[in-house]
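# model the following, please.
(one chain, ligands or ions: 4)
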Amino acid sequence: MTCLRVVALFAACVPAATLLSQAPAPTLLLPKLVNAPVIDGDLGEWRERAWHDGVWDVARVSHAPWYDGGVRNRLTRHGTEPAADEDLSARYYLAWDDRYLYLGAEVRDNVNDTTDPKHEPKRWYYKDAIAWFIEAPRDEKSELFAEGDHGFAFVIDPKKPDYGAWWRHGAPDRTYVEEPLPAHAVSYVVRMNPWGRSAGDFILEARIDLAATCGKTDRRWTPPKIGDTYSLCIVHTDPDGGDYGGHLLIHGSGDDDRTWTPMRLVGPQAPIERKPN
Ligand SMILES: [Ca+2]
Ligand SMILES: [Ca+2]
Ligand SMILES: [Ca+2]
Ligand SMILES: [Ca+2]
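Ligands and ions are numbered 1, 2, ... in the order given. Down below sits the predicted model:
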């Protein structure tokens, strides 16, 4: 059998989704900020200089290689839900400097829901929340919140309860350590209804001190520098009055860090130029 025929036979037997999921994910480029943002719930001073790849909603996620057919990566209906893009759509922003990782989100959500009948501090994923899963630095090993893996999760409650900024991480001898982000390691603001459109809309602006988090839990960690490779998965949870509820998984498919997308630290980025007429 010729090589060409073997390849054709193989392609015919393997579903397209499998081929897609095996394609290497393009590396995201994470820009460095020259001027440190003020953490005040307004992303204006850095949003055009951050990593940002447009609006995400369930329609866009359903075309991504990591989509699981709606098993966990999904939105949920509660009788009077609006169209899916009104249920949840968001832009996410990410950047770094010598000390901090900066995280931002601008979100359209129909209902703000931070109540959980079986509340435990670590159950951010039963509330409206955004978590950035980061491995820093990335390695080739498949790990589940082992040394070097971090989940920085923010419950969308402007009152900032003591579980509002959460840290799931690994350590040299443990996995899935669950604890609040130490107050000295995080600064964040949740601003509700920023556009006067829906009480569920919000802007989240946050910064994480890398030495106080990654530096305390990973023997391989070194201060961030241009050329380092991290990896990223964003988990946005949206129960809207339900129990486990909606989940958008973006740039990865869950806790296994091998599914997270590589992200290289690069120098400052100028805003996208808009041409004159
Ligand atoms: Ca700001
Ligand atoms: Ca929603
Ligand atoms: Ca790994
Ligand atoms: Ca919601």
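# who's in contact with Ala270?
Arg49 (CB atoms under 8 Å, 6 or more residues apart in numbering). C-beta: built from backbone N, CA, C; applies to glycine.
# then stretch 101-111 to CSV, C-alphas only?
Once non-C-alpha atoms are left out, stretch 101-111 reads as follows in CSV (Å, rounded to 0.1, in the frame of the first residue of the first chain):
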residue,chain,number,x,y,z
LEU,A,101,0.0,38.7,36.2
TYR,A,102,-2.9,41.0,35.2
LEU,A,103,-6.3,39.5,34.6
GLY,A,104,-9.4,41.2,33.2
ALA,A,105,-12.8,40.4,31.9
GLU,A,106,-15.7,42.4,30.4
VAL,A,107,-18.8,40.2,30.6
ARG,A,108,-22.5,40.3,29.5
ASP,A,109,-24.5,38.0,31.8
ASN,A,110,-28.3,38.0,32.2
VAL,A,111,-28.3,37.0,36.0
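# show me which residues of the chain sit near ligand 2.
Counting by CB under 5 Å from the ion, the chain comes close to ligand 2 at Asp87, Leu88, Asp109, Asn110, Asp238, Asp240.
# the same query, at a cut-off of 6 Å, please.
Counting by CB under 6 Å from the ion, the chain comes close to ligand 2 at Asp87, Leu88, Asp109, Asn110, Val111, Asp238, Asp240.
# switch those over to JSON lines; also include neighbour count and secondary structure.
Below are the residues of the chain next to ligand 2 laid out as JSON lines (neighbours: other CB atoms under 10 Å; DSSP: H, G, I helix; E, B strand; the rest coil):
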{"residue": "Asp87", "neighbour count": "22", "secondary structure": "helix"}
{"residue": "Leu88", "neighbour count": "25", "secondary structure": "strand"}
{"residue": "Asp109", "neighbour count": "23", "secondary structure": "strand"}
{"residue": "Asn110", "neighbour count": "19", "secondary structure": "coil"}
{"residue": "Val111", "neighbour count": "19", "secondary structure": "coil"}
{"residue": "Asp238", "neighbour count": "28", "secondary structure": "strand"}
{"residue": "Asp240", "neighbour count": "20", "secondary structure": "coil"}
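# of all the residues you listed, which two lie farthest apart?
Greatest spatial distance in those: Leu88 and Val111, 9.8 Å, computed using CB to CB.
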